[in-house]
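Undergrad: structure, please.
(chains A and B)
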Amino acid sequence: MVTEIINSNWTVSCTIAALCLPLISFILACIIPNRYSWVVTITSLLLLFVSMIMACSVSLTILNNHEYWSIATTWFSLSKVHFTVGFHVDSLTVLMLPVVTIVSFLVHLYSTGYMAGDKNVKQYFAMLGFFTFSMLGLILADNLLLLFVFWELVGFSSYMLIGHWYDKPAAGAASKKAFIFNRIGDAGFLIGLMIIWANAGSFNLESLHHVEIYSWQTAATLCLFCGVIGKSAQFPLLTWLPDAMEGPTPVSALIHAATMVAAGVYLLAKLFFLFTPEALQVVAIIGTITALIASLSALVQTDIKKILAYSTLSQLGFMVLAVGTGSPQAAMLHLFTHAFFKAGLFLGAGAIIHSLHQLEHHTHQHFDVQDIRTMGGLRKELPVTFITFLICGAALSGLPFFSGFLSKDAILNSVTAWAGTSLSWKWFIVISAFAIPFLTMLYTFRLIWYVFFGENRTKAIIGQAVKFGEVPFVMRMPLIILSVCSLWFIVSPNPSEFHGWLYHTLSVTPEDGISLTTVISAGWVLLALVVSYFYFRNRSIESSTSALSQLLYNSFYLDKIYEVIITVPVNKLTALTEKIDIRWVDGFIHATVLVNVTLAHVISWFDKYIVDGGVNGMARVAGSVGSVTRSFQGGKIQLYIFWAVLGIIIFLISMLI
Amino acid sequence: MQHYLLSLLIFTPLLAALIALFIPAEKKGVFFSLAAGACFVQLVFLVMILTGYKAGASLQFVEQHNWITIDLGTWGVLKAEYFVGLDGLNLPLVALTVPIMLIATLASYSIQKSVKGYFILLLILNAAIIGSFVALDFLLFYFFFEFMLLPMFFLIGIWGGPRREYASIKFFLYTLLGSILILIVMIGLYISVQDPDVPGKITHTFNMLHMSNPINYISNSILDPNHAWKIGSFDVRVLAFVFLFIGFGIKLPMVPFHTWLPDAHVEAPTPVSVILAALLLKIGGYGLLRIAYPVFPEAALHMSWFVGLVGVISIIYGALNAMASKDLKRLIAYSSVSHMGFVLLGIASVTTEGVSGAMYQMVSHGIISALLFLIAGVLYDRTNDRMISNYSGLASKMPMYFGVVLIGFFASLGLPGFSGFIAEIMVFLGAFKSHSVNGLLPTSLAVIATLGLILGAAYYLWTIQRMFFGPFSIKGNTSASQLPDLIRSEYVVLLPLVLATLFFGIYPQPLLDFINPYAQYLVDVVISHGKVIGSTLNH
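TA: Residues are numbered from 1 along each chain as shown, chains lettered A, B, ... in the order given. Next up, the predicted model:
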């Protein structure tokens, strides 16, 4: 364990405080009685604010002085081996700390408006705090076991928050699905841990750095990658994320867009040194498949949150692809920018849903507030939401001068460099990597054209003139901050060059100059914008029944496939084991008992009729003999004379013969 | 005083039971206070033991007295002792037993039917459980082991549910089968082992410590490790190990000797279920660690893959059956089968991590299963209905109850932060490592066992989804007014368990300080003795 504490006690205590404050928020929310639930809103907001300030100051300090440190203490030990609890701050952590705390604070702030009046607001803030704590623990952990602990805990918080509105059956189903899908990945993660433990004998990331390349590393890293597939919803475990949109929208912004789902990418970057080239190829392919499936599916969705969820999936796939092509730093950069603009988009969607919901409430009419077919022309009704959504959307689709452009550019640069000039299967990945931003542009602006432009369909549905209310200040504020964070300067002072403030801390070898890829990618997304304008600007969304759009709408029927290959066989298996228990195991017991009882009956019959019967029979014989002989001695003189005469007669006859 | 603490622990409940005999049955309240009082007194003794115990592998609080000594002439001398003591293996289990018995007694507050008999049986059971954990003489152990059976049989058979007679007889027969197998091995060991401390005439002994030392075997006796007898092609010592494995495995319970458990649990009243799951099952794992492995190390090494396989089968088979269960208590019972499978897998690995994990799992499962059965009892007390499909949306009706259910379920499915996680992770690490350390288990066993984690999440979350999520509705003969949230007396029994599983999940070191020295000692002994005996056999 390398412990470098050089004048950094201040950053250490600040980091610990930033980690613990959300936990305190959780504990307070648990112990404050229900009738004071408004107190919880204030305490968690305050604690998260302080946590954010501390985390950001730590990051800024370390970005300047590069004093990375780690502290560790023994958690528990067996005779020879020790399991530690330790925190390690490196360039990746420095990048993640502000992302998690800023987005979390903004989501807390936003939630005070969005969740106002919810009957379980206390539990909501409790779990938000707990999630933030676990997420911070995940990024700070210095060893794989502790990382796995927090990895599972974020999954638990996600379960609780997706199922927050548990009265809705869909929310219950979605939360269960999310946790089980994560568990499937985590089982793989656990196998990876076992392989590492058996071979390297340590979970400490620092010590694993010194492990030489062994044959087990491919297997171990692929198993760990299973964890990533679950957590970051990669192919084939991707369908839980769109379903998870049943949770409250701020939760989707925080957990299912900005932070938790990105934890998989963070893990890949953190463990990049362990991955062998073979394992990385698998990573790249899985990332590509995910990104393609998701961005194609996003093109035909009609639920605003689902579109964003598929978009998140495709961006995550894009990041995973970047790691697979050997550029974890580009993936991390994209993670960083994506966290802000995607959180902004989700919160923007939340603002729309919120105001439509209010409308629904006022007009007493029921319609689907998340369906984009009920929206339209909202730029006039919700101007702040519109502007911020547009900025974040532009960042998502990678338009120049927005943060997404730079991070996407970093990935495209690394992918083209990785593929080399010779033609190989790698070019399939490169082509996909260019197709993904194009598709991103299409679905993003399809959404924007449809929701904010054109005529106001909501009024048409309600059938009366209605007044839209812009969302309250606490909800507008996060939107504005996040959209500002989606501009280019968050990454780099130069809007065309991604090695700005952050990239150099992640990568040791900066490439220089504006590459050809940058120019191409700028032209490419502009082309996509034009295409999307002409194709989607005035197009109405009909629920198409064509086979292709159904295929995309149901994301290639993955859920159906799971049902056929997992759910149905497992159900059959459970029915089978139940039957084995009842029919065979218990049946065997019952049969044994039956044999015993029958045997007992036979023996009892034998006792009764043969043994007892024999004894009784003897007695009866003796008795009857006795009664016969007794009858000779009745005591009647006449009888005696009769017998005597009879005896004499018999005697005489026998003598005569 | 110090030296009699264990006897005090055993005989306090017996004394209370004796007093109870002389109290007229009409005074119902007295019996509850008496039983709870006895448990509190035990708790005081336990605290004294815990403060006096020095961490390490050596035996402490030893009491050794002659119990039976009979000179059999040319057959030698029969010797059985009252020999009790504590080490890292049984101390955690005793420390689990006392509080769990207290909780079970407190949870028996609402028992109405023949209160006197109930509490007397509970007290006898209490003494028998502690006795079998601390006994170091095989005959004494067997005596307590059998003594548990009777109170348990009546507690299920008289105070149980509608099919109580079926369940209690099934429980009795299964356990009896196990007892017979153990008895056979005990007699074999008695014939083969002599007391080295008595010079001259051969003194047969039931002392377990003597049994686990190969030097003490009489040469050419039936279980002599140096000249193994064979029945057909079977090594007698391997056969003896298998007998013990099945005998204790029935208690554990392991598949396919497990079907008594769901029936017993479904019929047993809540406190009896708590005792059954939290304590009685542990005797199975305890017996393997105390007797089967140290006494037959070479057979244990030989059969370890089989033990591990049965463990993995139990994990997955139990989980699948839990998923198929329609009755909440049955589900929890099957989850016990699944979780006790980890004990087998951990023991089979014969690694420090694995054995420590198995021992940790016994304590952890003791806490969590007690919590789960109390949870099921809360619902049953209110409605007399445990069918999962009859409930929906309970979360909104009973939010605090839902909170405790969440904790119980997530603790059981191995969420980090709860004790089950620590135990299971150690078992996994040990089981996987076994291949490279001692070559006993194939790595695939640990890999397959991870399916148990997925299935565990599936059946618990599915249950939550069915019973607690969605709009509130109940079917059957219950009305919503029958479902108030948790009451104070329920908090009293639930909260200590919640805190305990959290404590041992976050801060495992205190418990590991007890467990680990014994685990290490056992691993060393089994491996070294096993190899020595194994090599003499081959020559």
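Undergrad: now the closest residue to B:F243 other than its chain neighbours: how far from chain A?
TA: In this structure, B:F243 finds its nearest non-sequential neighbour in B:L181, 4.2 Å apart by C-beta to C-beta, 6 or more residues apart in numbering or on different chains. All C-beta spots, glycine's among them, are computed from the backbone N, C-alpha and C. Distance, B:L181 to chain A, by C-beta to the nearest C-beta, to the nearest Å: 15 Å.
Undergrad: quick one: pLDDT of B:L181?
TA: What the model reports as pLDDT for B:L181 is 94.
Undergrad: only the buried residues of the helix or strand hosting it, if you could.
TA: In the assignment (DSSP states H and E), B:L181 maps to helix B:164-192. Within helix B:164-192, the residues scored as buried using 16 or more other C-beta atoms under 10 Å in any protein chain shown are B:164, B:167-172, B:174-175, B:177-179, B:181-183, B:185-186, B:188-190, B:192.
Undergrad: with stretch A:566-581 instead?
TA: A:573-574, A:577-578, A:580-581.
Undergrad: not counting sequence-adjacent ones, nearest residue to the residue in chain B that chain A sits nearest to?
TA: Residue of chain B nearest chain A, by C-beta to the nearest C-beta: B:F469 (3.1 Å). Spatial nearest neighbour of B:F469, chain neighbours left out: A:G172 (3.1 Å); criterion: C-beta to C-beta, 6+ apart.
Undergrad: re earlier: quick check: next helix or strand after the helix holding B:L181?
TA: Using DSSP H and E, the helix or strand that follows helix B:164-192 in sequence is strand B:203-205.
Undergrad: could you dump the helix or strand following that next one to CSV, C-alpha only?
TA: Per DSSP H and E, the first helix or strand lying C-terminal to strand B:203-205 is helix B:208-211. Listed next in CSV are the C-alpha coordinates belonging to helix B:208-211 (Å, rounded to 0.1, in the frame of the first residue of the first chain):
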residue,chain,number,x,y,z
MET,B,208,-13.6,-36.0,21.1
LEU,B,209,-10.2,-34.5,21.4
HIS,B,210,-8.6,-37.9,21.8
MET,B,211,-10.6,-39.1,18.8
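Undergrad: who's in contact with the helix or strand that helix B:208-211 is followed by?
TA: On the C-terminal side of helix B:208-211, the nearest following helix or strand under DSSP H and E is strand B:230-231. Contact with strand B:230-231 is made by B:236, B:239, as judged by C-beta atoms under 8 Å, 6 or more residues apart in numbering or on different chains.
Undergrad: mind checking what helix or strand follows strand B:230-231 in sequence?
TA: Counting by DSSP H and E, what follows strand B:230-231 is strand B:234-235.
Undergrad: neighbouring strands for that following strand, and are they parallel or not?
TA: strand B:230-231 (antiparallel) (DSSP bridges).
Undergrad: and the helix or strand hosting B:Y460, does that touch chain A?
TA: For B:Y460, the element it lies in under DSSP H and E is helix B:443-467. Yes. Helix B:443-467 reaches chain A (C-beta under 8 Å from any C-beta of the partner chain) through B:443, B:446-447, B:450-451, B:453-454, B:457-458, B:461-462, B:464-465.
Undergrad: what's that helix packed up against?
TA: Contacts defined by 3 or more C-beta pairs under 8 Å, 6 or more residues apart in numbering or on different chains; DSSP states H and E place helix B:443-467 against helix A:169-200, helix B:297-324, helix B:328-349, strand B:391-392, helix B:399-412, helix B:419-437.
Undergrad: so which elements touch the helix or strand where A:W151 lies?
TA: A:W151 is located in helix A:144-162, with elements delineated by DSSP H and E. In this structure, helix A:144-162 makes packing contacts with strand A:82-89, helix A:121-140, helix A:169-200, helix A:216-231, helix A:263-270, helix B:419-437, judged by 3+ C-beta pairs under 8 Å, 6+ apart.
Undergrad: secondary structure class for the residue of chain B closest to chain A?
TA: coil (DSSP: H, G, I helix; E, B strand; the rest coil).
Undergrad: may I ask which helix or strand of the chain has the lowest mean pLDDT?
TA: Defaulting to chain A. Of all helical and strand segments in chain A, the minimum by mean pLDDT, DSSP states H and E falls on helix A:503-506, at a mean of 72.
Undergrad: wrong chain, I was asking about chain B
TA: strand B:230-231 (a mean of 79).
Undergrad: and it, how far out from the chain middle?
TA: The chain centre lies 32 Å from the centre of strand B:230-231; the measure is C-alpha atoms, centre = their mean, to the nearest Å.
Undergrad: list the contacts for the residue nearest to B:L331 when sequence neighbours are not counted?
TA: Nearest residue to B:L331, sequence neighbours excluded (C-beta to C-beta, 6+ apart): B:S325, at 4.0 Å. Applying C-beta under 8 Å, 6+ apart, one finds that B:S325 lies in contact with A:578, B:262, B:331, B:333-334, B:388, B:459.
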